[in-house]
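>>> sequence and predicted model, in that order:
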Amino acid sequence: MSSYWDDSVKARIVQQFAVFYRIKDPQRFDTFALERTKIFMNSYLQSQGYYNAVLNDTFRIDTFKLGTARQQFRAIPVINIYPGKRLKIDSVAFSFIDTTRPSISDSVLQSLAIQRADESFLRKGDNYSKPVIANELDRLVNWFRQNGYYRLSRENLVALVDTTDQLIDSLTIDPFELARKISEAAERRKQNPTADIELMQATKAKEIPFDTTVVTQYHIGNIYYYPEFGSTELPDSVLKKNELNMIRSGDIYMKFPGATQKFNIKPLTRHTYINKGELYNERLFFKTINTLNQMGPWQQVEIRDSLRQDTVDFHVFLTPNKKRNIKFNLELTRSSGDFAASNNLFGLGGNATYLDRNFLHKAIQWVTTPRASVELNLDSKQDLLQTVQGGLGTSFIIPHLIHPFRFLHLFPKSAEREKKFDAARAVINLNASYTERKDFYRLRSLTFNLGNEKTWKNLTTAFRFPNIELYSLDVLPELAAAFQTNPFLRTAFNTGSVVSVIGTLNWGIPSAKPNRSHNLRLGGEYAGLTLPWWSSALEKNLFHYIKGEAEFTNNWQIRSRTLVGRVFLGIGYNLSHDPVNGKTLPFFKQFIAGGPNSMRAWGLRQLGLGSSKLSDTSPTFRDRFGDLQLEFNGEYRFPIADVSGTKFSSAIFGDLGNIWNIKEDPTNPQGTFKFSRFYNDLALAIGTGLRVNVANFLFRIDFALKAKDPARREYNGWLNPLKFTWKNENDRTNYAFQIGIGLPF
């Protein structure tokens with residue numbers, strides 16, 4: 001009820017330094033404001049079904065000394081609320097037949113309402129409230145408009161609420177008997193207030209004049225598209241032009257100026273979900289409009305309708321986006337790492353993105369991205385250039401599915417099946433990359449995959465097949481030396497070819513509470529498939545593994561603050577029986593921990609495996625890769641200040657988890673996952689950070705401590721605050737600074 005105080009009674013409170021609060025420019029107290037507040041509160045209570053509420057107001061005056069010579073009088077108003085019993089729904093009736101002028105349309109409305117009565121928000125015995133009635137009227141309007149009632153709107157439906165006691169209706173000529181009945185009915189309403197609700201046309205309730213078009217079921221007529229509609233043109237002016245060219249595909253017409261068409265009609269016909277002759281369906285109508293808006297070639301969609309008897313024609317005006325676009329991005333990163341040797345690493349990278357929104361005139365988006373980056377070491381004792389990376393990627397985003405089954409007789413109507421989804425598209429990716437880490441390795445890769453993505457409500461699925469990845473690795477002297485001190489690395493740095501099938505699922509789980517949101521992401525990959533044209537040399541180096549991931553996040557909004565939780569599980573298993581290359585996944589498919597978006601007290605790839613210290617023995621190469629990752633993350637995010645549109649916020653967070661290998665290796669036994677050692681292997685990071693949001697660009701810097709480090713032998717890995725040091729005996733830092741863009745999860 002705090003939102004319903006009159007503005008002149010509210011104390012303006014501002015937050016300072018994220019901890020303190022003070023009253024800013026307090027209002028002068030006026031007792032009339034309490035009366036207005038009671039009116040506001042009582043109106044809200046009645047909207048929630050409390051019709052017998054009693055509100056009593058009072059206030060007290062306190063004195064507050066501002067100094068030796070001044071004092072201030074402060075009023076503390078109090079309103080005591082006795083809501084009484086809440087109104088209950090006793091009966092619900094649909095009454096859409098107007099007895100004064102019954103018609104076929106009235107009967108259809110009544111039949112449709114009863115058909116979906118089980119979905120009603122109004123149920124006998126439930127609490128009465130105006131928002132619930134509003135939701136029910138909206139539900140009925142949406143359902144009617146999905147069944148041809150194109151002109152029907154919310155103002156054409158009403159709900160009549162009757163709270164009178166039906167026993168009073170019994171006739172009596174005795175005034176004393178009538179008075180007794182009225183008194184008893186009033187008492188019953190206080191003890192057990194109920195309401196009868198009748199849903200009907202507004203014309204039946206005599207609220208608006210009768211209009212025949214409102215109760216007419218309309219069928220879809222002709223559909224005209226204008227895909228080259230100018231941003232400065234007016235739809236009504238274009239409709240009057242006679243010089244436009246027109247082509248037809250089925251029941252779809254496309255009009256365009258000039259002799260050459262810039263858009264193919266097939267994407268329009270494929271994504272038109274309303275068909276000529278069918279009853280108007282608003283859900284499918286807006287699905288058509290939203291799909292065209294999201295495809296990319298067009299930036300705006302406008303509609304004009306034309307009614308003729310029981311048919312509605314649509315003219316759809318599409319304003320094109322700029323066909324081609326080029327963007328340049330520059331990135332700068334810094335890693336604080338776990339070791340002194342990596343504390344001076346800076347990364348500098350850039351990429352360019354070329355976008356063609358209407359490739360081949362078929363609404364296909366073609367994206368090409370060349371990229372390059374370097375890693376520099378500012379330590380004068382080491383070479384400046386540490387890592388060089390370059391690549392070129394190109395993607396084709398096609399606004400319909402592509403799969404071999406669409407050409408088979410088993411799926412003759414695959415295009416029609418696609419219309420059952422809210423969105424469906426295919427993505428073709430081709431990428432080539434080159435990475436050279438000075439004195440360690442050179443890695444070259446070439447990947448190709450074809451993916452199909454489908455979205456239905458809050459569920460998005462993707463299926464990629466084939467996914468082909470070719471890798472070539474050159475081992476340089478420093479990595480070869482690392483193999484000598486850490487033989488297990490040799491099994492991880494194995495390269496070959498991947499032919500796999502990949503499936504992903506992303507589900508925004510509906511929540512009954514508006515301040516809660518959940519998301520589940522699942523992914524799986526199976527590699528080891530062979531293709532008919534695959535050469536024996538490539539097949540010999542073919543990886544054979546299975547890999548899966550699961551991630552669940554939960555967001556809980558508490559006013560301006562947010563509590564976020566995340567659970568991640570990733571597991572992969574090498575199915576090969578090769579004694580050397582069959583122990584782990586290839587390193588480019590393994591999991592890593594640490595960095596700005598994972599276990600934030602460790603540098604990137606610097607946590608694990610398990611409680612093993614084998615990677616620490618390498619003088620230079622200390623990256624870690626694992627076949628199993630388990631991680632729990634939690635953040636409490638809160639605002640600090642808003643300065644001229646720049647928002648400053650912070651967070652308190654904790655990260656718990658690690659990475660392991662699954663197959664046991666005698667050279668690194670503590671890096672293998674075992675339930676008996678699970679508690680000792682877990683790492684815990686705690687910290688806080690600063691986030692700066694400028695024009696929706698969020699810059700983040702986090703500081704984290706290693707509260708529990710599996711590589712720390714004393715105190716079972718726990719950090720002893722009484723013997724705190726910035727570094728431990730292995731020259732590992734007990735903290736890390738992380739710089740990132742955007743939220744970590």
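In hand now; what should we look at?
>>> if you count contacts, what does the helix or strand harbouring Asn554 end up packed against?
Secondary structure from DSSP states H and E places Asn554 in strand 545-558. For strand 545-558, the packing partners by 3 or more CB pairs under 8 Å, 6 or more residues apart in numbering; DSSP states H and E come out as strand 516-527, strand 561-574. (C-beta placed from N, C-alpha, C; glycine too.)
>>> now what about it, what contacts it?
Strand 545-558 has contacts (CB atoms under 8 Å, 6 or more residues apart in numbering) with 515-528, 562-576, 585-586, 589, 745.
>>> what of stretch 502-512?
Applying CB under 8 Å, 6+ apart, the set of residues contacting stretch 502-512 is 449, 451, 458-465, 467, 517-525.
>>> buried ones in stretch 702-710?
702, 704-710 (16 or more other CB atoms under 10 Å).
>>> before we move on, back to that, would you show me how to pick out the buried ones of the contacts of stretch 502-512 in ChimeraX?
To isolate the buried ones among those in ChimeraX, judged by 16+ other CB under 10 Å, type:
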select :449,451,460,461,462,463,464,465,467,517,519,521,523,525
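>>> lowest average confidence, helix or strand, in the chain?
Scoring the helices and strands of the chain by mean pLDDT, DSSP states H and E places helix 414-418 at the bottom, with a mean of 54.
>>> can you give me the strands for the stretch 351-500 of the chain?
With strands called from DSSP state E, counting those that start in this stretch, the stretch 351-500 of the chain shows them at 364-377, 385-398, 423-437, 441-456, 459-475, 497-509.
>>> could I get the ones you listed as a markdown table with distance to Gly349 and mean pLDDT?
Listed next are the strands of the stretch 351-500 of the chain as a markdown table, based on distance: least, CB to CB, whole Å; pLDDT from 0 to 100:
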| stretch | distance to Gly349 | mean pLDDT |
| --- | --- | --- |
| strand 364-377 | 3 | 89 |
| strand 385-398 | 8 | 91 |
| strand 423-437 | 12 | 91 |
| strand 441-456 | 17 | 90 |
| strand 459-475 | 21 | 89 |
| strand 497-509 | 25 | 92 |
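>>> Ala601: which of these is closest?
Nearest of the strands of the stretch 351-500 of the chain to Ala601, taken as CB to CB: strand 364-377 at 21.8 Å.
>>> other SSEs contacting that closest one?
Looks like strand 364-377 contacts strand 345-359, strand 385-398 (3+ CB pairs under 8 Å, 6+ apart).
>>> quick one on the thing from earlier: let me have the strands of the stretch 351-500 of the chain in CSV, adding distance to Leu279 as columns.
As requested, these are exported to CSV (distance: least, CB to CB, whole Å):
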stretch, distance to Leu279
strand 364-377, 33
strand 385-398, 31
strand 423-437, 24
strand 441-456, 22
strand 459-475, 27
strand 497-509, 31
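>>> among the ones you listed, which is nearest Val161?
Of all the strands of the stretch 351-500 of the chain, strand 497-509 sits nearest to Val161, with 34.9 Å by CB to CB.
>>> tell me how far that closest one lies from the chain's centre.
In terms of CA atoms, centre = their mean, to the nearest Å, the centre of strand 497-509 is found 18 Å from the chain centre.
>>> what is the neighbour count of the nearest residue to Lys708 once chain neighbours are set aside?
Taking CB to CB, 6 or more residues apart in numbering, and ignoring the residues beside it in sequence, Lys708 has Leu684 as its nearest neighbour in space, at 3.9 Å. Residues lying near Leu684 (other CB atoms under 10 Å) number 22.
>>> which residues touch stretch 299-310?
Stretch 299-310 is contacted by residues 150, 213, 216-219, 221, 229, 231, 235-236, 239, 289, 292-293, 312-321 when judged by CB under 8 Å, 6+ apart.
>>> now Leu112: which helix or strand?
Going by DSSP H and E, Leu112 is part of helix 104-115.
>>> may I see the buried residues of that helix?
105-106, 108-110, 112-113.
>>> which intervals of the stretch 251-400 of the chain have sub-threshold pLDDT?
The stretch 251-400 of the chain contains residues with pLDDT under 70 at 332-347, 378-382.
>>> any buried residues in whichever strand or helix holds Ile739, and which?
Applying DSSP H and E as the criterion places Ile739 in strand 735-741. For strand 735-741, a neighbour-count test (16+ other CB under 10 Å) marks 735-738, 740 as buried.
>>> at which residues are the strands of the stretch 51-200 of the chain located?
54-65, 71-82, 88-95, 157-162, 194-201.
>>> can I get those in a markdown table including mean neighbour count, distance to Leu385 and mean pLDDT?
As requested, these are exported to a markdown table (neighbours: other CB atoms under 10 Å; distance: least, CB to CB, whole Å; pLDDT from 0 to 100):
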| stretch | mean neighbour count | distance to Leu385 | mean pLDDT |
| --- | --- | --- | --- |
| strand 54-65 | 11 | 66 | 80 |
| strand 71-82 | 12 | 67 | 82 |
| strand 88-95 | 16 | 74 | 89 |
| strand 157-162 | 16 | 71 | 88 |
| strand 194-201 | 19 | 74 | 88 |
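>>> what's the local residue count around the closest residue to Leu239 other than its chain neighbours?
Sequence neighbours aside, His315 is the residue nearest to Leu239 in space, at 6.4 Å (criterion: CB to CB, 6+ apart). Neighbour count for His315, taken as other CB under 10 Å: 21.
>>> cool, thanks, signing off.
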